[in-house]
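*Asks:* pasting the sequence and the predicted model now:
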Amino acid sequence: ELLDYLAVSFQEHGWDLKWLTKEIMMSRTYRQSSAEVAERMNADPSNKLLWRKAPLRLEAETIRDSMLKVSGLLSDQMYGPPEAIK
């Protein structure tokens, strides 16, 4: 239901990425804490109900590619050089 709402609203707002980003960031779902709560841990210690997001480590390659993309140095060309030469 949440994805349907976001998809329809995104289209209604003229495919505005700035609006979509703000909508997601200001949502109650996004702002929920991932801190462990003893009461919830006792009720669902294995997190089967998915009440919290398990922390994940980012791989170095993911961080590198993100930094290159933001800086404009990541090449989108398949099988090309990994970085744009300027």
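*Replies:* Received it, and whenever you're ready, just let me know what you need.

*Asks:* got the contact list for the helix or strand that contains residue 21?
*Replies:* Assigned by DSSP states H and E, residue 21 belongs to helix 17-25. Outside helix 17-25, the residues that touch it by CB atoms under 8 Å, 6 or more residues apart in numbering are 6, 9-10, 13, 30-31. Any C-beta I mention is one placed from the backbone N, CA and C, and that applies to glycine too.

*Asks:* closest to residue 66 among those?
*Replies:* Closest approach to residue 66 among the contacts of helix 17-25 (CB to CB): residue 30, at 19.2 Å.

*Asks:* list the residues that contact the closest one.
*Replies:* residue 24.

*Asks:* what residues of stretch 21-35 count as buried?
*Replies:* residue 23 (16 or more other CB atoms under 10 Å).

*Asks:* adding pLDDT, distance to residue 64 and secondary structure, write the contacts of helix 17-25 out as a markdown table.
*Replies:* Shown next, in a markdown table, are these (pLDDT from 0 to 100; distance: CB to CB, whole Å; DSSP: H, G, I helix; E, B strand; the rest coil):
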| residue | pLDDT | distance to residue 64 | secondary structure |
| --- | --- | --- | --- |
| 6 | 90 | 29 | helix |
| 9 | 95 | 34 | helix |
| 10 | 94 | 29 | helix |
| 13 | 96 | 33 | coil |
| 30 | 82 | 26 | coil |
| 31 | 82 | 29 | coil |
